[in-house]
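S.K.: make a model of this:
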Amino acid sequence: MSKIGRKPIDVSKLPVTVKGKDIKYKGAKSTGVYHLPAELDAEVRDGLLYIQPTKEAALSRGINRIWGLHRALLANEIAGAAKDFELCIEIKGLGFKAAKSGKDLLFTLGFSHKIDFPMPEGVVVDIDKTGQQLTLKSPDKELLGLVCSRIRSLRQPEPYKGTGIKVGGEEIARKAGKAKAA
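M.R.: Residues are numbered from 1 along each chain as shown. Presented below is the predicted three-dimensional model:
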């Protein structure tokens, strides 16, 4: 039995309807339909959404992976419908900063040119006045993680000075520089 799959999802705060393999949800931030695979069934009881394997699928060994995966993905979508997910990005380095250019971002990261980064629909960015602290918000957790990793790939943190772009509370393993001759 899947440890993650058997946990119920709290849906008491937003309307959720189950029709066959489709789960429709509507929240303050987003609405959508989640399609379950043929091996899983869903049921709403007492404000909780339960996902279980069908009787035929319960006999197979690989059902736990599918069950846990789809429960986690559905829980993320329902949580995002109620409240936005949020990730912070920290830019560290002399002259390194970000600025808004319409809907897109414009990064100055020590290269000979500025980098224009197109922001996808559904992701909102707040930048502090120094341009080195960015807060990204989105109801879609997967899209938010993808955007943050693409921003981080523009200038990954380097281990000697610690300059670059860090996501969240990421810790950079620092290396010692050259030792001075005595």
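S.K.: given the longest strand seen in the chain, what are its sheet partners and their directions?
M.R.: With DSSP state E setting the assignment, residue counts place strand 85-92 as the longest strand in the chain. Here strand 85-92 is paired, per DSSP bridges, with strand 133-138 (antiparallel), strand 164-167 (antiparallel).
S.K.: now it: buried residues?
M.R.: Residues Phe85, Leu87, Ile89, Ile91 are the ones in strand 85-92 that count as buried (16 or more other C-beta atoms under 10 Å). C-beta here means a position set from N, CA and C on the backbone, and glycine is covered the same way.
S.K.: now do that strand, average pLDDT.
M.R.: Here strand 85-92 scores 95 as its mean pLDDT.
S.K.: repeat for stretch 16-27
M.R.: Averaging pLDDT along stretch 16-27 yields 93.
S.K.: what about that stretch, how long is it end to end?
M.R.: 9 Å (C-alpha to C-alpha, to the nearest Å).
S.K.: residues in contact with that stretch?
M.R.: 11, 13-15, 31-38, 40-44, 49, 74, 77-78, 80-82, 139 (C-beta atoms under 8 Å, 6 or more residues apart in numbering).
S.K.: quick one: the strands in the chain?
M.R.: Assigned by DSSP E, the strands in the chain fall at 9-10, 16-19, 22-26, 31-35, 40-45, 48-53, 85-92, 97-101, 104-108, 115-117, 124-127, 133-138, 164-167.
S.K.: buried ones in the top helix by length along the chain?
M.R.: Ranked by residue count and defined by DSSP state H, the top helix of the chain is helix 63-82. For helix 63-82, a neighbour-count test (16+ other C-beta under 10 Å) marks 63-64, 66-68, 70-71, 74-82 as buried.
S.K.: and those, which is closest to Asp128?
M.R.: Distance to Asp128 across these (C-beta to C-beta) is lowest for Gly80, with 24.3 Å.
S.K.: residue contacts, the residue positioned nearest the centre of the chain?
M.R.: With distances taken as C-alpha atoms, centre = their mean, the residue of the chain nearest its centroid is Lys141 (3.0 Å). Contacts for Lys141 (C-beta under 8 Å, 6+ apart) come out as Asn76, Ala79, Gly80, Phe85.
S.K.: let's have the strands of the chain in CSV, adding distance to Gly177.
M.R.: Formatted as CSV, the strands of the chain follow (distance: least, C-beta to C-beta, whole Å):
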stretch, distance to Gly177
strand 9-10, 50
strand 16-19, 56
strand 22-26, 52
strand 31-35, 50
strand 40-45, 54
strand 48-53, 52
strand 85-92, 17
strand 97-101, 25
strand 104-108, 26
strand 115-117, 28
strand 124-127, 32
strand 133-138, 27
strand 164-167, 16
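S.K.: from Ser149, how far out is Gly162?
M.R.: Per C-beta to C-beta, to the nearest Å, Gly162 is found 19 Å from Ser149.
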